[in-house]
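[1] Attaching a predicted model along with its sequence, questions to come.
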Amino acid sequence: MDRENRMLDARLLQAQGYTQVEIAEMLGICERTVRNYLKQMPQARKSPKRPSKLDPYKAIIVEQLEENPSYNGELIFERLARMGYAGQKTVMKAFIAKTRHRIAATAVQRFETETGRQAQVDWKEFGKQAVDGRETRLYAFVMVLGYSRKPFVRFTTDMRQSTLLACHELAFAHFGGVPEEVLYDNMRTTFQPDQEGQWRPAKRLAALAVHYGFVPKRCRVRRPETKGKVERTIGYLDNNFWPRMAGEALSLALLNERVGEWLEAIGAKKIADLGESRAERFAREAPLLKTLPAGGFDAREVVPVVVSREATIRFESNRYSVPPELIATTALLYVHPLTRQAELFADGRSVRSFPLAAPGTRTLLVFEEDRKELAFRWAMDRSRMAIRRAPSRRRAPAVADVEVRPPSLYDAYAGLAEVGA
């Protein structure tokens, strides 16, 4: 303390115009010591570090924010209060803000540099387009590997969860492996809030993640840089690929064929900011991706369907025949969103697989085995009805007594011979 006081006195005397020799005489120290004092900047007194009431709980806060940086501060405060925290909320919020900033800075740097670490996913909307001969909304699923920037694109006509999951399968097959984690924008088909307000992966996305061995991550709100790679790829898709399709008669098959060729072409071009091509960087990243599982994931959408009295089910305004023994029951239709292949299940068993007609075309698809079985049933019904309406011996039979009008679908089966024909 005396040293600091003498140093301060020396500076004050110097400011008053005294020489170093005079200052040394006045303070009773040597001239060399005066020179050293005047060279050094005065340091502020160090106040003793007082323990904070928050100290025992800081590790809990850090662990929670590492898991979910956007986790609500009020919920953290309530949790700490139940555990015995008696400090000020403002102290806790200041620590939360500091921790979030550190996590965000570390995360952005990590995503930029690590190979095999992350893929980013988002949708690109193209509005209403004439696709496959009808007007519909057009979308593109985009997944980009974080290190190599290698993209995968699949055009679709919807953004349903089953479509999203099926596109993951194609993307992982395209890359030949799976990254450690996949980052998503704030879409309801991927993450949903629980009762405590914490965002958790949707059940089917979680099942997909377990099957392929990756961790689903939700992009932080108002932090666009964390998913900048997929956004830049979407912008490139919109400005470089989409104009090439101008004047073409669009179809999903054509779009996906052309975009595959486009992906191959841009893969060989050097990225200006990196000085390397996507292909060169992917050659280093590919060995670090996780191995694909032996079996695929069932991304099909399950739709309950009621079998009508005409032995048909209705889906997307189209009708499909089913075995007549299923009349008045509820079956399950498993629909693959990309291949448009359907499989009908009843009583836990597979009844048949068949391709779906285009949505909204009001198609009636009758399978031959159903046609024959239904015709047989109608013939039996007519026979039974004729017997019930047969006249007694006391009067002559009338034609009206044996005439039965079959169900309306009978007209669709016109021309079929009676059973045995």
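    Yep, it's here.
[2] And the helices in this protein?
    Here the chain has its helices, by DSSP state H, at 2-15, 20-27, 31-39, 58-67, 73-83, 89-113, 161-175, 203-212, 228-236, 252-267, 278-285, 368-389, 399-402.
[3] Please identify the deepest-packed of the ones you listed.
    Each of the helices of the chain was scored by mean neighbour count; the highest is helix 161-175, a mean of 21, by mean count of other Cβ atoms under 10 Å. For every residue, glycine as well, the C-beta is placed using N, CA and C.
[4] Setting the sequence-adjacent residues aside, check what's closest to residue 321.
    With sequence-adjacent residues excluded and distances taken as Cβ to Cβ, 6 or more residues apart in numbering, residue 321 is closest to residue 370, at 4.0 Å.
[5] Please tell me how far the one you found sits from residue 342.
    15 Å (Cβ to Cβ, to the nearest Å).
[6] To residue 139, which of the helices of the chain lies closest?
    helix 161-175 (8.4 Å; Cβ to Cβ).
[7] Quick one: residues in contact with that closest one.
    119, 121, 141, 143, 145, 150, 152, 154, 156, 178, 182, 189-190, 202, 204-205, 208, 212, 286, 289, 292, 296-297, 299-301, 335-338 (Cβ atoms under 8 Å, 6 or more residues apart in numbering).
[8] In terms of pLDDT, where does residue 364 sit?
    Looking at residue 364, its pLDDT stands at 94.
[9] re the thing from before, can you say which of the helices of the chain is nearest to residue 128?
    helix 252-267 (14.8 Å).
[10] between the closest one and helix 228-236, how many degrees?
    Going by axes from the mean of the first three to the mean of the last three Cα atoms, to 10 degrees, helix 252-267 is angled at 120 degrees with respect to helix 228-236.
[11] okay, now residue 123: neighbour count?
    By the criterion of other Cβ atoms under 10 Å, residue 123 has 18 neighbours.
[12] Identify the bridge partners of it.
    Beta-bridge pairing for residue 123 (DSSP bridges): residue 141.
[13] Skipping adjacent residues, who's closest to residue 134 in space?
    residue 358 (7.1 Å).
[14] Apologies, that question was intended for residue 180.
    residue 117 (5.4 Å).
[15] how far away is that neighbour from residue 246?
    From residue 117 to residue 246 the distance is 37 Å (Cβ to Cβ).
[16] These two: which is more packed in?
    With neighbours defined as other Cβ under 10 Å, residue 117 and residue 246 compare such that residue 117 has more, 18 against 6.
[17] Verify the stated contact: that one with residue 179.
    Yes - the criterion here is Cβ atoms under 8 Å, and residue 117 meets it with residue 179 at 6.4 Å.
[18] tell me the contacts of the residue nearest to residue 321?
    311, 321-324.
[19] Mind checking which of those are buried?
    Neighbour counting with 16 or more other Cβ atoms under 10 Å marks 311, 321-324 as buried within the contacts of residue 370.
[20] Closest one to residue 67 out of the residues you listed, please.
    Nearest member of the buried ones among the contacts of residue 370 to residue 67, counting by Cβ to Cβ, is residue 322, at 47.8 Å.
[21] Need the overlap of contacts for residue 117 and residue 179.
    Common neighbours of residue 117 and residue 179 (Cβ under 8 Å, 6+ apart) are residue 146.
[22] Out of the contacts of helix 161-175, list just those in strands.
    119, 121, 141, 143, 145, 152, 154, 156, 182, 301, 335 (DSSP state E).
[23] confidence score at the second one?
    This means residue 121. So residue 121 comes in at 96 (pLDDT).
[24] now the contacts of residue 370 in JSON lines, with pLDDT and distance to residue 256?
    Shown next, in JSON lines, are those (pLDDT from 0 to 100; distance: Cβ to Cβ, whole Å):
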{"residue": "311", "pLDDT": "91", "distance to residue 256": "36"}
{"residue": "321", "pLDDT": "94", "distance to residue 256": "31"}
{"residue": "322", "pLDDT": "94", "distance to residue 256": "32"}
{"residue": "323", "pLDDT": "93", "distance to residue 256": "35"}
{"residue": "324", "pLDDT": "91", "distance to residue 256": "39"}
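[25] any chance of those in TSV, plus distance to residue 84?
    Formatted as TSV, these follow (distance: Cβ to Cβ, whole Å):
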residue	distance to residue 84
311	67
321	68
322	63
323	66
324	69
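[26] Tell me how far the residue nearest in space to the middle of the chain lies from residue 62.
    For the chain, the residue nearest the mean C-alpha position is residue 190 (4.2 Å; Cα atoms, centre = their mean). Distance of residue 190 to residue 62, computed by Cβ to Cβ: 26 Å.
[27] Now residue 213: phi and psi?
    The phi and psi torsions at residue 213 (degrees, to the nearest 10) take the values phi 80, psi 30.
[28] you'd agree it is up against residue 177?
    No - counting by Cβ under 8 Å, residue 177 is not a contact partner of residue 213; they are 10.2 Å apart.
[29] circling back to that earlier point, with mean pLDDT as added columns, please give the helices of the chain in a markdown table.
    Shown next, in a markdown table, are the helices of the chain (pLDDT from 0 to 100):
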| stretch | mean pLDDT |
| --- | --- |
| helix 2-15 | 75 |
| helix 20-27 | 82 |
| helix 31-39 | 80 |
| helix 58-67 | 85 |
| helix 73-83 | 89 |
| helix 89-113 | 77 |
| helix 161-175 | 97 |
| helix 203-212 | 95 |
| helix 228-236 | 92 |
| helix 252-267 | 96 |
| helix 278-285 | 96 |
| helix 368-389 | 75 |
| helix 399-402 | 41 |
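[30] count of neighbours near the residue nearest to residue 134?
    14.
[31] From the contacts of helix 161-175, list the buried ones, please.
    Buried among the contacts of helix 161-175 (16+ other Cβ under 10 Å): 119, 121, 141, 143, 145, 150, 152, 154, 156, 178, 182, 189-190, 202, 204-205, 208, 212, 286, 289, 292, 297, 299-301, 335-338.
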